[in-house]
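A.B. asks: What shape does this take:
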Amino acid sequence: MVRTGQPWLQLATGLMLLAGFDAGQTSTRCRVSRWRGDHWQILGEGSGPGVSHLDATGGDERFRQAVRTSLRAAVQGQAQLKLDAAVIGASGIEQGTPLQPRATALLADALSLPQSAA
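C.D. replies: Numbers count the residues shown, from 1 in each chain. Below you'll find the predicted structure:
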């Protein structure tokens, strides 16, 4: 998870804006939601190109492009939205592998979010 310094404070105050990504080899889906006290309100959904293995030629750039394109489609002109956090499930990236922190850094970079300390 890529998040700001105090995401739970934002969640508690109802200010959390979250982007969730499902990045496969053929396409990437994005859902943007805002926490509304006791539930998530979906603000938009979009899709973009798929990802390839990060170690493949152009893998990092394809990952960034998939995230950015699907997010743009999800927010459709709501450019003023500022994400507080993002999560992703991506093809070829497994928890606890060296690719996980690399993907976290790429996601943070693609979305201009600070990297999580955790």
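A.B. asks: Remind me what the helix or strand in which Cys30 is found packs against, helices and strands.
C.D. replies: Using DSSP states H and E, Cys30 falls within strand 27-35. Other elements packing on strand 27-35 under the criterion 3 or more CB pairs under 8 Å, 6 or more residues apart in numbering; DSSP states H and E are strand 17-23, strand 40-49, helix 59-75. C-beta: built from backbone N, CA, C; applies to glycine.
A.B. asks: So which bits of the last one are buried?
C.D. replies: In terms of neighbour count (16 or more other CB atoms under 10 Å), helix 59-75 has its buried residues at 59-60, 62-67, 69-71, 73-75.
A.B. asks: report the angle between the axes of it and strand 40-49?
C.D. replies: Orientation check (axes from the mean of the first three to the mean of the last three CA atoms, to 10 degrees): helix 59-75 against strand 40-49 gives 130 degrees.
A.B. asks: Next, the angle from helix 59-75 to strand 17-23.
C.D. replies: Angle, helix 59-75 to strand 17-23, by the same axes, to 10 degrees: 130 degrees.
A.B. asks: Give the next helix or strand downstream of helix 59-75.
C.D. replies: Using DSSP H and E, the helix or strand that follows helix 59-75 in sequence is strand 85-90.
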